[in-house]
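[1] Here is my input, please return the structure:
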Amino acid sequence: MRRDHMRTIARLSAEEFEHSVKELADLLVDAVDDGASLGFVTPFRHEAAAAWWRAQAPSVAAGGQLVWVCRVDGVLAGTVSLIPAVKANSRHRAEVVKLMVHRDARGQGLSRALLATAEQAALDAGVSLLMLDTETGSTAEHVYLSGGWTRFGIVPDYAASPDGTLRECSFFFKRLADS
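    Okay, the predicted model is just below:
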């Protein structure tokens, strides 16, 4: 018998963010340990992941980084962040960062749901252009390509994967509807 899982996606307030640091750190460690190129190399310890998330707290509190989490049956299973541009000539755009889903929760459409949530929030805020980058050939790249994003370039040896190997990086943009 199939059991339906309760899935929620919500933007974290500054207080909720601070209370979620341990869970966010658990998720980040899982993603890096599973090979996701998120800016960290192995070995990557929980303390380092928690410190990275705690360092984001001032930006989250000031609205410079918007963070959503997806919970499945109450357990944090994924996250995505949106960083609006701050320069006067670029306030129409934002960057999507740190889209990740726990390896045990993959294959349920959580990445697409988180990405759609960030896209809609950006559109609602008057943002008409989103940018992001990801490792070329990764599962994440497939999510963006199939989600209507346009790859505009590939840079060789742009970043190291968690094992330290230099990898190509694909850069993407998406123009949002009603812009």
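
[2] Can you tell me the SS state at the residue nearest the centre of the chain?
    The centroid of the chain falls nearest to residue 99 when counting by CA atoms, centre = their mean (1.9 Å). Three-state assignment for residue 99 (DSSP: H, G, I helix; E, B strand; the rest coil): strand.

[3] you'd agree it is up against residue 82?
    No: the pair residue 99 and residue 82 fails to qualify as a contact (CB atoms under 8 Å) at a distance of 10.0 Å. Quick note: C-beta positions are derived from backbone N, CA and C, even for glycine.

[4] residue boundaries of the helices in the chain?
    Across the chain, reading from the start of the chain, the helices by DSSP state H fall at 14-33, 46-62, 110-124, 139-146.

[5] The third one packs against which elements?
    The reference is to helix 110-124. Applying 3 or more CB pairs under 8 Å, 6 or more residues apart in numbering; DSSP states H and E, one finds that helix 110-124 contacts strand 7-11, strand 66-72, strand 75-84, strand 93-101, strand 129-135, helix 139-146.

[6] I'd like these as CSV, with mean pLDDT and distance to residue 58 appended.
    What follows is the helices and strands packed on helix 110-124, written out as CSV (pLDDT from 0 to 100; distance: least, CB to CB, whole Å):
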stretch, mean pLDDT, distance to residue 58
strand 7-11, 97, 17
strand 66-72, 98, 13
strand 75-84, 98, 13
strand 93-101, 97, 16
strand 129-135, 97, 23
helix 139-146, 94, 27
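
[7] Would you format these as CSV with distance to residue 45 included?
    Below are those laid out as CSV (distance: least, CB to CB, whole Å):
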stretch, distance to residue 45
strand 7-11, 28
strand 66-72, 22
strand 75-84, 19
strand 93-101, 17
strand 129-135, 22
helix 139-146, 23
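
[8] Quick one: closest of the ones you listed to residue 46.
    Go through these one by one with CB to CB and the one that ends up closest to residue 46 is strand 75-84, at 14.0 Å.

[9] Could you pull out the buried residues of the closest one?
    By neighbour count with 16 or more other CB atoms under 10 Å, strand 75-84 contains the buried residues 76, 77, 78, 79, 80, 81, 82, 83, 84.
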